[in-house]
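**Q** need coordinates for the following:
(chains A and B)
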Amino acid sequence: MATTLREQPPTRAPAPAVPAGRRRGGLGAGGERAIDVFNHAFLLVWGLLTALPLLWAVLSSFKTDAEILGDPWGLPAQLRFDNWARAWSHAHIGQYFLNSVVVVAGSLTLTMLLGAMAAYALARYDFPGNRLVYFLFVGGMMFPVVLALVPLFFVVRNLGLHNTLPGLMLVYAAYSLPFTVFFLTAFFRTLPTSIAEAGLIDGCGPFGLFFRVMLPMARPGLVSVAIFNFLGQWNQYVLPVVLIQGEGAERRYVLAQGLAALAVSEGYAGDYSRLFAGLTIAMLPVLVVYAVFQRQVQSGLTAGHLK
Amino acid sequence: MTGRALRHGRYRLLVTFLVPPLLLYGYFVLSPYVQMFVIAATDWRGLSPSYEIVGLDNFRQLLRDQYVLDALRHNLVLLLLLPVITIALGLFFASMLNVGGRGKVAGVRGSGAYKVVYFFPQVISIAVIGVLWKQLYNPRSGLLNGFLEAVGLDGLARPWLGDPTYAFWAVMAVMVWANVGFYVVLFGAAMQSVPRDVYEAALLDGAGRLATLWRVTIPLLWDSVQVAWVYLAILALDGFALVQIMTNGGPSFATDVAGLRIYETAFGEAKFGYASAIGVALFFVTLSIAVLALRATRRERIEF
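**A** Take a look at the predicted model:
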């Protein structure tokens, strides 16, 4: 920050590129330039504030416990990947990772299939009660999951699905439907009707029309909402904490839940290097996927919030 | 295809496409919300099937329960501060990154990289964020105290999450940290859809950056700000995951939130009736906030 200030002294003469109109403002060009530096500093500080903690976790995952406790700002003397190995196997992060993959693979498929079907029916078919069904779905976006935790636990238990991964899949899919239906209904409405009519004339049945014509046309919307749901379900914490508990639950923990449990137990065991390794294993894959597909991820996550 | 077959196909499609999602949604989402109201009127203590209908007793008890009231108070403080701070920072950074360049209507240098980095917290799990920040705040080995000591501000170093005076604010700071990036990107996308000449006109009229933000950008983005407010308000009324992981409501309930009360009352103390009553109370708080927010922020919409 200090060097930036020195490089661009606020009193320097205005650059010729600045249009003359700027000077009519309340501040002179010198003042504007000072604000400029100031603003840049803010951006940089927030960038560091965001990136440093994550970087620190990755670096700490290579340190020994002594290094972690002794010097939080120090660098690891060597890259100790055995921390990662211990986290993966002894702390069961590998098992949790696998559970997360299984659950999200199932729940995401179910969410997308059921969500697209419901949204298509609501967007393209006029029937009595259409609005009611739509608002039933969309209303679910309003309330935090945490409200109805008690009855949710019991409805899942009544099916014998508590403390099981399939139970978690069904619940994830159910709680992802409001946003999925909301988003995809709007998307299906924007698709041109002429192609659907052409399909019908060519002898496509209503089901063929959906799977062979409408779904492929809706691909951009499906991708956006799939990214949104993938991250939401992969990162889900509240639902597994309530539903995966009881005897032998540790084997069925998903990643977010297992990591939080590990943090509690490492608080007693004092094995900080293993905790940071677990943290890094939980964090890096999503960050890498995000870095590669950042444009799609950003638009996928913000899509539903734009008018 | 005859008309009758078409109608028949249409009926079959509606049933096949709507019944399975509705069953799943109705069973796992709608019915719990409905049952919550019923259970809230009982003294059900869990695994035994027997319970008594106690009517509004749970709610009477709730009004005198200092723990629940304190937790709700914390949610209300979050509700007042979290949206305002997050939206203000989001608007500020977004305008810097999209229209803040000098002498032209474009982002500052390196804005692409900033947008990527700012969004990081949004893609990682709330559990990772909670565990990470718990370590960052660690009084001995944490990055924060390490930094304060390194720059000679030892006096400011403290057990952030262990001190009732600071713990709540420390947790709220993490909520802001975790959400600002999302709104930078969201507002940024909205700003991109504002025609350039609006900003060029403001620039020619000699509007400074703050004046542009205040008089041009915010009015034009009002719809997005409103949506952001509603989402952040819902977030402020939850807060369960982060609080449970970082402090579990402590020290001495200084960071407790209503969601954690529900969880602890139900799964810690097995008072399922009472926990549902807290849920009902929170349900109505959420509902009234949403209605209020939509009314209060209703403004004339500016078409562009």
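
**Q** how far away is the residue nearest the centre of chain A from B:Gln244?
**A** Central residue of chain A (CA atoms, centre = their mean): A:Leu231, 3.2 Å from the mean position. A:Leu231 sits at a distance of 20 Å from B:Gln244 (criterion: CB to CB, to the nearest Å). (C-beta placed from N, C-alpha, C; glycine too.)

**Q** again with A:Ala41
**A** Taking CB to CB as the measure, A:Ala41 falls 36 Å from B:Gln244.

**Q** looking at those two, which is more packed in?
**A** Comparing A:Ala41 with B:Gln244 by neighbour count (other CB atoms under 10 Å in any protein chain shown), the higher total belongs to B:Gln244, at 24 against 14.

**Q** what's the closest non-adjacent residue to that one?
**A** Distances taken as CB to CB, 6 or more residues apart in numbering or on different chains place B:Leu260 nearest to B:Gln244, at 5.6 Å, with adjacent residues excluded.

**Q** quick check, the residue nearest to the centre of chain A in a helix?
**A** Yes. Assessed by DSSP: H, G, I helix; E, B strand; the rest coil, A:Leu231 belongs to a helix.

**Q** list the contacts for it?
**A** Counting by CB atoms under 8 Å, 6 or more residues apart in numbering or on different chains, A:Leu231 touches A:286, A:297, A:301, B:123.

**Q** at 10 Å instead, please
**A** Counting by CB atoms under 10 Å, 6 or more residues apart in numbering or on different chains, A:Leu231 touches A:104, A:286, A:289-290, A:297, A:300-301, B:122-125.

**Q** do the same with A:Trp56
**A** By CB under 10 Å, 6+ apart, the contact list for A:Trp56 reads A:72-73, A:276, B:132, B:135-136, B:142-143, B:146.

**Q** neighbours around residue 129, how many?
**A** This is for chain A. So A:Gly129, with other CB under 10 Å, has 9 neighbours.

**Q** my bad, the chain I had in mind was chain B
**A** B:Ile129 has 25 neighbours, counted by other CB under 10 Å.

**Q** what strand or helix carries it?
**A** Using DSSP states H and E, B:Ile129 maps to helix B:126-136.

**Q** skip ahead from the worst-scoring helix or strand of chain A on mean pLDDT and say which helix or strand is next.
**A** Within chain A, confidence by mean pLDDT, DSSP states H and E is lowest for helix A:2-7 among all helices and strands, at a mean of 37. Downstream of helix A:2-7, the first helix or strand assigned by DSSP H and E is helix A:29-60.

**Q** where in the stretch 151-300 of chain A is pLDDT low?
**A** Low-confidence segments of the stretch 151-300 of chain A (pLDDT under 70): A:267-269.

**Q** is the worst-scoring helix or strand of chain B on mean pLDDT positioned near chain A?
**A** In chain B, the helix or strand scored least confidently by mean pLDDT, DSSP H and E is helix B:209-211, which has a mean of 77. Yes. Helix B:209-211 is in contact with chain A by CB under 10 Å from any CB of the partner chain, via B:209-211.

**Q** which of these has the most neighbours?
**A** Top of the residues of helix B:209-211 next to chain A by neighbour number is B:Arg209, holding 22 neighbours under the definition other CB under 10 Å.

**Q** isn't that residue up against B:Ser95?
**A** Yes. At 7.5 Å, B:Arg209 counts as touching B:Ser95 under the criterion of CB atoms under 10 Å.
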